[in-house]
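Asks: the following comprises the amino acid sequence and a computationally predicted model.
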Amino acid sequence: MTAVKEAGSRPLSHFAERSLAGLLAVAGAGVGFGVLLMLVRFRWSPLGDADHAVAEWFNDLVAPHGPLVTVLQAITDLGGRPVLIWLVTIAVVGLLIRRQSRLAVYLIVTGVGGLILDPSLKALVGRLRPVVDVPVAAAPGNSFPSGHALGSFVAYGALLLVFLPAMSKRWRKPAIAIVGVLIFLVGLTRIALGVHYVSDVIGGWLLGAAWLGVTAYAFRLWRRERG
């Protein structure tokens, strides 16, 4: 009888440990974003100097090479709103057809939240975009946080969370790696194209991780309450 109780408690303790680790990770991302937001908002000079130095270095590296700019632009488009909205819409329609309405609602809420957070925080911070010697790309609006970094993290991360359980085990790690590399490359292209500072992209990633974690945890609680 004691052995049965111990065996039954293992999944519960494992779930509790995973939940606690997830909450700590979300809290860490949120705190990290908050600190970075304050540093950018109050124009901390060491951060500003580092951002400008990296922007100039990338501009010197990328500007002379037209084909490289084209490749970077193609990659950065994968994190743009048109592509992300299209992917999420297709996924939502597919889930509704398969009568997975809760997962569809999760994708909608998570995606819409990301769309709202981006312009709201940009208006609050009011940071201007980088000014480089040889502009190779242009983007409207303010700079912090990077909408492409935030949007790609939220959209591709949410899609991964939804569809990963349906994949065979041998494809799960490659899928996680592919999504991670894609999110990183989208953020890198924003810096390389001179439309965002490094801190803009890191801020987008941190905010995306925090928002994705919050919505995933809320969905888990919702699912448990519904049985």
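Replies: Perfect, I can see it now. Just so it is clear, the structure is predicted and the values come from calculations on it, not from any experiment.

Asks: helices of the protein, start to end?
Replies: Listed in chain order, the helices of the chain (DSSP state H) span residues 2-41, 45-62, 66-77, 81-97, 101-125, 147-163, 169-192, 198-226.

Asks: which of those is buried the deepest?
Replies: Compared across these, helix 147-163 shows the largest average neighbour count, a mean of 24 (mean count of other CB atoms under 10 Å). Glycine gets a C-beta too; all of them are placed from N, C-alpha and C.

Asks: from Ala25, how far out is the spatially most central residue of the chain?
Replies: The central residue of the chain, meaning the one whose C-alpha is nearest the mean C-alpha position (CA atoms, centre = their mean), is Phe153 at 1.9 Å. In this structure, Phe153 lies at 14 Å from Ala25, with CB to CB, to the nearest Å as the measure.

Asks: Leu185 now?
Replies: 22 Å.

Asks: kindly report the same for Leu207.
Replies: Distance from Leu207 to Ala25, by CB to CB: 14 Å.

Asks: which residues does stretch 77-84 contact?
Replies: With CB atoms under 8 Å, 6 or more residues apart in numbering as the contact definition, stretch 77-84 has outside contacts at 111, 115, 147-149, 151-152, 155-156, 182-183, 186-187, 189-190.

Asks: so what's the residue lying closest to Leu206 once chain neighbours are set aside up against?
Replies: Ranked by CB to CB, 6 or more residues apart in numbering and with sequence neighbours excluded, the top spatial neighbour of Leu206 is Phe33, at 3.9 Å. Taking CB under 8 Å, 6+ apart, we find Phe33 in contact with Pro145, Gly203, Leu206, Leu207, Ala210.

Asks: how far away is Phe33 from Ala50?
Replies: 18 Å.

Asks: report the contact partners of Ala175.
Replies: Ala175 neighbours (CB under 8 Å, 6+ apart): Leu160, Leu164, Met167.

Asks: this completes my enquiry, with thanks.
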